[in-house]
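A.B. asks: Sharing a model prediction with you, sequence too.
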Amino acid sequence: MTQVQEATLPIILQGEDVLAKAKTGTGKTVAFLLPAIELLSTLPRSPYINLLAICPTRELANQVAAEAQKLLKYHRSLGVQVVIGGTRLPQEQRRMKSNPCQILVATPGRLKDHLENTPGFSNRIKGVKVLVLDEADRLLDMGFRRDIEKIIACIPKERQTLLFSATVPAEVRQISHVAMKKDYKFINTVKEGDEETHSQVSQTYMVAPLNMHFSILYDVLNKHVAEDAEYKVIVFCTTAMVTKLLAEILAQLKLNIREIHSRKSQSARTKVSDEFRRSKGLILVSSDVSARGVDYPDVTLVIQAGLPADREQYIHRLGRTGRKGKVGLGLLLLAHWETHFLSSVQDLSVSEAVLPSIGPSVQAEVNNALIRVEMKSKESAYQAWLGYYNSNKTISRDKSRLVRLAEEFSQSMGLPIPPAIPRLILRKMGLNNVPGLRSI
Ligand SMILES: Nc1ncnc2c1ncn2[C@@H]1O[C@H](COP(=O)(O)OP(=O)(O)OP(=O)(O)O)[C@@H](O)[C@H]1O
């Protein structure tokens with residue numbers, strides 16, 4: 001057993017509610033599935049759902065269901081099903097009807113959909129004995145909280161609840177009563193004074209002007225690919241559309257690129273995710289859909305380009321490497337005006353790396369690649385970039401500066417004039433009438 005499994009197993013088996021914090025890649029999934037399955041194996045067979053596990057992303061839900069499937073090898077009478085957004089609802093409804101399983105793994109939106117639209121589902125869910133919130137802090141933050149509260153209102157109060165994450169900010173402990181009994185047990189396997197990240201992962205950051213970022217990324221990736229024949233890299237970007245843009249640029253530069261984000265169809269996401277799990281010699285350019293929980297073995301390098309949403313997201317993204325005690329590398333690439341983020345990770349061992357000197361040939365290659373990338377991708381990336389930084393409290397305070405920075409980003413894509421943005425979108429972002437932005 002891993003440390004978190006050893007620490008939580010006896011307590012969960014006693015029927016207690018548990019909030020557990022353990023570093024990334026240390027086996028939290030088995031830690032909640034194993035005792036939950038043990039409990040289920042003692043229940044009489046019924047058409048009810050007895051274990052409900054909720055995950056913040058579709059890839060993670062698929063992975064947790066696959067892990068459960070493995071653990072059910074010696075419990076043939078138990079079954080697991082997964083319900084996630086982006087797939088056909090009627091298909092899931094038919095599957096649940098023809099083969100009602102006791103274990104359901106779900107993403108919050110689709111689960112709510114079934115509660116509202118699938119006949120008999122709200123009754124089946126009344127059988128829940130164990131509720132798991134995987135990546136609990138994410139599920140309880142503002143983006144998901146309402147859905148989670150609605151779902152919790154539909155399942156029995158008399159149940160066991162398990163919350164797991166690698167990060168448990170103080171606010172999460174305060175609001176955990178939303179899901180758990182007051183006398184829940186908090187199990188923290190990250191020792192006092194120890195970092196929340198792994199010491200075998202070397203963390204560095206670089207600070208450079210935006211117009212150098214694409215060249216730096218290309219240079220760093222090129223060197224890494226040359227140094228490690230078994231390379232397997234994830235490059236995290238701020239938004240889906242910036243992810244798409246970077247994937248297109250790097251693919252033009254002949255790197256072996258795959259792309260994953262919320263604007264891809266779910267079948268494309270699943271295909272890329274499965275391929276990346278199995279393969280080496282690949283670079284996955286990703287939005288935060290891969291930030292948490294997904295277990296891709298042997299990732300050699302994690303790059304975070306631009307400001308991470310917060311400290312927690314930084315830790316989870318970095319945690320895609322260095323899993324199960326393996327070594328790994330992490331690089332955070334920021335512009336000068338993003339360096340305030342560094343204070344939120346100052347207790348982690350993140351050290352500054354020297355900027356690579358970018359030769360004229362690399363610069364020329366990147367410029368050529370930028371010319372070949374479609375205008376539409378650049379326009380969408382610019383708009384998404386503006387939206388992302390506009391939602392960042394520190395940066396959006398000064399709107400005229402925000403517009404200037406967005407113009408820098410646009411120039412870094414080789415555009416002499418920033419693209420125009422639909423008026424409605426500017427209004428939604430609260431940026432209508434801000435000088436320097438063009439609207440259509
Ligand atoms: N007892 C064990 N011995 C060996 N390997 C294990 C053990 N338990 C789990 N694993 C494996 O360790 C890997 C990481 O586990 P898992 O994905 O559950 O980590 P995690 O702690 O949930 O990570 P994250 O915080 O990123 O979600 C998986 O490949 C899993 O199969």
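C.D. replies: Structure received.

A.B. asks: switch to C-alpha atoms for all contacts and neighbour counts from now on
C.D. replies: Will do.

A.B. asks: Tell me the residues of the stretch 101-250 of the chain that contact the ligand?
C.D. replies: 165-166 (C-alpha under 6 Å from any ligand atom).

A.B. asks: ok, 5 Å please
C.D. replies: Proximity of the stretch 101-250 of the chain to the ligand, by C-alpha under 5 Å from any ligand atom, involves residues residue 166.

A.B. asks: if I pick the closest residue to the ligand within the stretch 101-250 of the chain, what's in contact with it?
C.D. replies: Taking C-alpha to the nearest ligand atom as the measure, the stretch 101-250 of the chain has residue 166 as its residue closest to the ligand, at 4.9 Å. Taking C-alpha atoms under 8 Å, 6 or more residues apart in numbering, we find residue 166 in contact with 21-24, 135, 196, 316.

A.B. asks: And residue 113, by the same measure?
C.D. replies: By C-alpha under 8 Å, 6+ apart, residue 113 has no neighbours at all.

A.B. asks: And the furthest pair within the contacts of residue 166?
C.D. replies: Greatest spatial distance in those: 135 and 196, 14.8 Å, computed using C-alpha to C-alpha.

A.B. asks: Would you mind measuring from residue 288 to residue 262?
C.D. replies: Separation of residue 288 from residue 262 (C-alpha to C-alpha, to the nearest Å) stands at 9 Å.

A.B. asks: out of the two, which sits in the more crowded spot?
C.D. replies: residue 288 (21 against 16; other C-alpha atoms under 10 Å).

A.B. asks: The ligand contacts on the stretch 251-400 of the chain?
C.D. replies: Counting by C-alpha under 5 Å from any ligand atom, the stretch 251-400 of the chain sits next to the ligand at 293, 295.

A.B. asks: low-scoring stretches of the stretch 151-300 of the chain, by residue?
C.D. replies: Within the stretch 151-300 of the chain, the set of residues satisfying pLDDT under 70 is empty.

A.B. asks: Give me the nearest residue to the residue in the stretch 151-300 of the chain that the ligand sits nearest to, chain neighbours excluded.
C.D. replies: The ligand sits closest to residue 293 of the stretch 151-300 of the chain, with a gap of 3.1 Å, by C-alpha to the nearest ligand atom. Sequence neighbours aside, residue 60 is the residue nearest to residue 293 in space, at 6.0 Å (criterion: C-alpha to C-alpha, 6 or more residues apart in numbering).

A.B. asks: quick one: which helix or strand includes the one you found?
C.D. replies: helix 58-71 (DSSP states H and E).

A.B. asks: Tell me which other helices or strands the helix or strand following that helix touches.
C.D. replies: Using DSSP H and E, the helix or strand that follows helix 58-71 towards the C-terminus is strand 80-83. Secondary-structure packing of strand 80-83 (3 or more C-alpha pairs under 8 Å, 6 or more residues apart in numbering; DSSP states H and E): helix 58-71, strand 103-106.

A.B. asks: ok, and the closest non-adjacent residue to the residue most central in space within the chain?
C.D. replies: What sits nearest the mean C-alpha location of the chain, by C-alpha atoms, centre = their mean, is residue 291, with 2.7 Å. Nearest residue to residue 291, sequence neighbours excluded (C-alpha to C-alpha, 6+ apart): residue 317, at 4.4 Å.

A.B. asks: How many residues are close by that neighbour?
C.D. replies: For residue 317, using other C-alpha under 10 Å, the count is 26.
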